[in-house]
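Student: Output the structure for:
(one chain, ligands or ions: 1)
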Amino acid sequence: MAEASSGEGPVFDLLCQLIARKSLTPDDAGCCDLLESRLAPLGFSFERIDAEGVTNLWATLGSGAPLMILAGHTDVVPTGPLDQWISDPFVPSVREGVLYGRGAADMKSGIAAMVCAVERVLAAGPLRGTLAFLITSDEEGMARHGTRHVVDVLRQRGVKPDYAIVGEASSNEILGDRIVVGRRGSLGCNLRVLGKQGHVAYPHKGDNPVHRLIPALAELVATQWDNGNEHFPPTSFQISNFHSGTGANNVIPGEADVVFNFRYCTESSAESLKARVHAVLDRHCPSYEADWWHTGEPFLTSHGELIGAAVASITELTGGTPEFFTGGGTSDARFIAPWGAQTVEIGPINDSIHKLNEHVKIEDLAALSRIYEGVLLRLLG
Ligand SMILES: [Zn+2]
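Tutor: Now for the predicted structure:
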């Protein structure tokens, strides 16, 4: 069934249809069905690589190299308090040239702009190589069964990508002023330091884990882990949680818990950071349990055809040159880049992502689609 045209253009229309589908992680809410209905007439073949309630769409057109992947996620983060939204987050609404709705920037606009770019490009003629969409409904959650799973499956089949564009909101102040060419790695730890509970009046009979932990943490906080490099800021260490104590004022606690996280650059590795942390802990804490989690390796796409095509396309459209950015949080690019694809993130302005009243400028939608079109034509035209 065709949905009504607004007169604001095809990207706007498709984006509105996507926003109206309430796709809270990991619920795709029919977004991939809608995308298939748009891509089927273009000749795409579809495979659902679903896992554990997550919808994963792998859609391909053509054959052979180069393989260009357009990647995105249909899931959105929770709305937060509904009474603080000016309009219903799942009813797209326009005010003064801006479209409001959950997912407007992160990242249903990227997906809509990609689909419309592909429609225009293919209307003008066939492309060389293979064009693919990799769409998941689990990016905002644990992201275990989304892109990571699809990459594992395709890698086992011997699929080798050349390029990937992730449609995450990368722009800073104006569309195309920034593209993401790398991301820091993320390594975290739940640390429990064990002592011996006792009476504060008899400290020799207890073993205070807080007293053991504090000098260890002071050392970790003061450590310069590396100096970064021309692409990345230095690795950072941050404590996010600290808890100890029984609540009583006369009891030495028996344990102390800390949660900390590294955002690390390519000058350090997860293994080297772990080893250095353990060396500090071993000196200060006779007994502790460290439960590490590693949610992403750092990656960096060096200057090659993809970045060249992205810069040329953006410059042609906006007249500006994008900044190459490697900060910010993680994205599914962390799974695609290590697969061997030159990977960049190009998308709308990111100032409202995950916030109340998430929005995107309507004029940016068609422009973003032109940027993707320019990259496709340069690399596959
Ligand atoms: Zn996102």
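Student: Now do the helices in the protein.
Tutor: 10-19, 31-39, 108-124, 147-156, 209-222, 270-284, 305-318, 333-336, 362-380 (DSSP state H).
Student: Show me the one of those that comes nearest the ion.
Tutor: Taking C-beta to the ion, helix 108-124 is the member of those nearest to the ion, at 8.2 Å. Using the backbone N, CA and C atoms, a C-beta is placed for each residue, glycine as well.
Student: Run the angle between that closest one and helix 362-380 for me.
Tutor: When axes from the mean of the first three to the mean of the last three C-alpha atoms, to 10 degrees is applied, the directions of helix 108-124 and helix 362-380 differ by 50 degrees.
Student: got any ranges where this structure has weak pLDDT?
Tutor: 1-4 (pLDDT under 70).
Student: Quick check: the nearest residue to Leu300 once chain neighbours are set aside vs Ile165, distance?
Tutor: Distance criterion C-beta to C-beta, 6 or more residues apart in numbering; nearest residue to Leu300, sequence neighbours excluded, is Gly182 at 3.7 Å. Relative to Ile165, Gly182 is positioned 14 Å away (C-beta to C-beta, to the nearest Å).
Student: Between these two, which is the more surrounded one?
Tutor: A direct count of neighbours by other C-beta atoms under 10 Å for Gly182 and Ile165 places Ile165 higher, at 31 against 23.
Student: Quick one: residues contacting the more buried one.
Tutor: 68-71, 114, 306, 310, 343-346, 372, 375 (C-beta atoms under 8 Å, 6 or more residues apart in numbering).
Student: Report the beta-bridge partners for it.
Tutor: Counting by DSSP bridges, Ile165 is bridged to Leu70, Val344.
Student: quick revisit: of the helices of the chain, which is nearest Leu175?
Tutor: helix 362-380 (4.5 Å; C-beta to C-beta).
Student: how about that closest one: buried residues?
Tutor: 362, 364-380 (16 or more other C-beta atoms under 10 Å).
Student: Also stretch 158-168?
Tutor: Of all the residues in stretch 158-168, those buried under the rule 16+ other C-beta under 10 Å are 159, 161-168.
Student: What of stretch 61-71?
Tutor: For stretch 61-71, the neighbour count (16+ other C-beta under 10 Å) marks 61-62, 66-71 as buried.
Student: In a markdown table: the residues you listed, plus distance to Gly206.
Tutor: Output for the buried residues of stretch 61-71, formatted as a markdown table (distance: C-beta to C-beta, whole Å):
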| residue | distance to Gly206 |
| --- | --- |
| Leu61 | 68 |
| Gly62 | 70 |
| Pro66 | 65 |
| Leu67 | 62 |
| Met68 | 63 |
| Ile69 | 58 |
| Leu70 | 60 |
| Ala71 | 54 |
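Student: Next, the contact list for Val245, please.
Tutor: Check again: residue 245 is Gly, not Val. By C-beta under 8 Å, 6+ apart, Gly245 lies in contact with 210, 251, 253.
Student: Buried subset of those residues, written for PyMOL?
Tutor: Isolation of the buried members of these (16+ other C-beta under 10 Å) is achieved in PyMOL through the command below:
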select buried, resi 210+253
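Student: separation between the nearest residue in space to Phe262 that is not next to it in sequence and the ion?
Tutor: In this structure, Phe262 finds its nearest non-sequential neighbour in Leu187, 4.4 Å apart by C-beta to C-beta, 6+ apart. In this structure, Leu187 and the ion are 21 Å apart, going by C-beta to the ion, to the nearest Å.
Student: Isn't Leu187 up against Ser268?
Tutor: No. Leu187 is beyond contact range of Ser268, at 9.1 Å (criterion: C-beta atoms under 8 Å).
Student: Look at these two and report which has more neighbours.
Tutor: Neighbour comparison, Leu187 and Ser268: the larger count goes to Leu187, with 25 against 21 (by other C-beta under 10 Å).
Student: Find the residues that touch each one of Leu187 and Ser268.
Tutor: Residues within reach of Leu187 and of Ser268 at once, by C-beta under 8 Å, 6+ apart, are Phe262.
Student: Not counting its neighbours along the chain, what's nearest the closest residue to the ion within the stretch 151-300 of the chain?
Tutor: The ion sits closest to Glu168 of the stretch 151-300 of the chain, with a gap of 4.9 Å, by C-beta to the ion. Using C-beta to C-beta, 6+ apart and skipping the chain neighbours, the partner closest in space to Glu168 is Glu345 (4.5 Å).
Student: same deal with Thr246?
Tutor: Nearest non-adjacent residue to Thr246, counting by C-beta to C-beta, 6+ apart: Pro253, 5.8 Å away.
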